[in-house]
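In: okay, here's the prediction I keep looking at, along with the sequence it came from:
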Amino acid sequence: MSHKTSVVVLHKTKLGDSSIVVHGYSSDNGRCGFIIKSNSKKGSLSLLHPLGIIEAEISEKSKGELRFINNFRSLHTLTKLRESVIKNAIAIYISELIFRGIHEYGPSPGFFNFLVRSILLLDAIGDDYANFHLWFLVELSKEVGYSPADNYTEGSLFDISSASFVNNPAQGTKCLNREDSALLDTILKHREESIHMLKINGIQRRSFAREMTTYLSYHLGCNLNIQSLEILHEVFE
């Protein structure tokens, strides 16, 4: 007996000579792992790219915590995402961020819909998408329950532990610097369709992404060493 579910692909690795392990986030089960026979003709393995969205037929058969996928198909072609070097680099970064940061996150239709909506936006957005991953970091913090407070005043700093802006942080308080704090407030006030209007340079993007990753690491309780982040910034440069 089997059932179908929608899955956002996060990561894949080889398992022996004939199988692939796919980690993803599904609409029914949240974070989960699957085994696919690599010689299977029931679904193109090229569809299993970072942030690919598939419909998978899941077998009742399992190997430990990994379930077997009988066959699968693409739910969205994501042509622009796959053809653009920069969009693909953003997809790799986002998929690694979710893969490393969201471990025990159970079924959540809202979170799954957020992922799909973000992926489709990345695919559809025009030529100016250098700020997309910054917007995604802020939106992700909201989705996982650590939304930054909307209490910014000019010159205040964002306190990582309290998730709020403070004017006179106590000694030893870990805060975003003044520039990143102001940028966070700006992004909080922008909708996704206007995020491209922010005029910031590569150094600012690198700093903000690094600091927001630190913020998520603190609240998720894990060290988010996102290797693809530096590669992403190199692509932008």
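Out: Structure's in. What do you need?
In: can we go C-alpha only for contacts and neighbour counts from here?
Out: OK.
In: buried residues of the lengthiest strand in the chain, list them for me.
Out: Of all segments of type strand in the chain, defined using DSSP state E, the longest is strand 2-15. If you call a residue buried by 16 or more other C-alpha atoms under 10 Å, then strand 2-15 has these buried ones: 6-12.
In: could you do stretch 193-204 as well?
Out: Going by neighbour count (16+ other C-alpha under 10 Å), the buried part of stretch 193-204 is 195-196.
In: restricting to C-alpha, output that stretch in PDB.
Out: Extracted in PDB, the C-alpha atoms of stretch 193-204 (Å, rounded to 0.1, in the frame of the first residue of the first chain):
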ATOM      1  CA  GLU A 193       7.700  42.200  -4.500                       C
ATOM      2  CA  SER A 194       9.700  45.300  -3.500                       C
ATOM      3  CA  ILE A 195      12.700  43.800  -1.900                       C
ATOM      4  CA  HIS A 196      14.700  44.300  -5.100                       C
ATOM      5  CA  MET A 197      14.400  48.100  -4.600                       C
ATOM      6  CA  LEU A 198      16.800  48.000  -1.600                       C
ATOM      7  CA  LYS A 199      20.100  49.600  -2.800                       C
ATOM      8  CA  ILE A 200      22.700  47.700  -0.800                       C
ATOM      9  CA  ASN A 201      26.200  46.400  -1.900                       C
ATOM     10  CA  GLY A 202      27.800  43.000  -1.700                       C
ATOM     11  CA  ILE A 203      29.600  43.700   1.600                       C
ATOM     12  CA  GLN A 204      26.300  44.700   3.300                       C
END
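In: how about low-confidence regions in this protein?
Out: 1, 39-43, 104-105 (pLDDT under 70).
In: grab the most central residue of it for me.
Out: In the chain, the residue lying closest to the centroid (C-alpha atoms, centre = their mean) is residue 94, at 3.2 Å.
In: excluding its backbone neighbours, what's nearest it?
Out: Leaving aside its chain neighbours, residue 94 sits nearest to residue 133 (7.4 Å; criterion: C-alpha to C-alpha, 6 or more residues apart in numbering).
In: where does that neighbour fall, phi/psi-wise?
Out: Geometry field for residue 133 lists phi and psi as phi -70, psi -30, criterion degrees, to the nearest 10.
In: likewise residue 199?
Out: The phi/psi pair for residue 199 (degrees, to the nearest 10) reads phi -100, psi 90.
In: and if you look at residue 62?
Out: According to degrees, to the nearest 10, residue 62 has phi -140, psi 160.
In: does it touch residue 36 like I think?
Out: No: Residue 62 sits out of contact with residue 36 when judged by C-alpha atoms under 8 Å, with a separation of 11.2 Å.
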